[in-house]
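# Here's my sequence, what's the structure:
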Amino acid sequence: EVQLVESGGGLVQAGGSLRLSCAVSGFTSEDYTIGWFRQAPGREREGISCIGSSDGSTYYADSVKGRFTISRDNAKNTVYLQMNSLKPEDTAVYYCAGGSRATMAPSPYNYWGQGTQVTVSL
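Down below sits the predicted model:
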């Protein structure tokens, strides 16, 4: 059974940092593109970063570029999202997902985690 489980969310003040984890089971994370998405209330799900399967290339949305870093630990079958300089507008439920190609669009991703809440206060 394929599972992706996010953890590491929470409440943080603006300017602070959090590291999200996406633990993958049922497939090898390095064989799939893993993407991070977020969804705030009343808004569409937004792709913010992904790491490709073939060469580990990384991609970022403009809204997080320079602040967020995606990485993968193949030994732990886990993908991380280090989030620095957090802003109140980063508040959302964050999801990781597994798919076959590196894209910020959610539809090509086949497997999704349950999400973890990130709240950034002033």
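# what about the closest residue to Gly10 other than its chain neighbours, distance to Val79?
Spatial nearest neighbour of Gly10, excluding adjacent residues (CB to CB, 6 or more residues apart in numbering): Leu18 at 6.3 Å. C-beta coordinates here come from the backbone N, C-alpha and C atoms, glycine included. Going from Leu18 to Val79 by CB to CB, to the nearest Å gives 15 Å.
# So the two - more neighbours on which side?
Legend: neighbour count by other CB atoms under 10 Å for Leu18 and Val79, higher for Val79 (29 against 20).
# Roughly how far does Gln39 sit from Arg72?
Distance, Gln39 to Arg72, using CB to CB: 23 Å.
# Looking at the two, which is more packed in?
Arg72 (20 against 15).
# ok, and the closest non-adjacent residue to that one?
Using CB to CB, 6+ apart, the nearest residue to Arg72 is Val79, at 4.9 Å.
# Could you list everything the spatially most central residue of the chain pairs with in the sheet?
Nearest to the geometric centre of the chain sits Trp36, at 2.5 Å (CA atoms, centre = their mean). In this structure, Trp36 bridges to Ser49, Cys96 when assessed by DSSP bridges.
# contacting residues around it?
Applying CB atoms under 8 Å, 6 or more residues apart in numbering, we find Trp36 in contact with 20, 22, 47-50, 70, 79, 81, 94-97.
# how close does it sit to Ala61?
Trp36 is 10 Å from Ala61, by CB to CB.
# Then Leu4?
Counting by CB to CB, the gap from Leu4 to Ala61 is 20 Å.
# quick one, which of the two is more surrounded?
Between Leu4 and Ala61, counting by other CB under 10 Å, Leu4 is the more crowded of the two (24 against 16).
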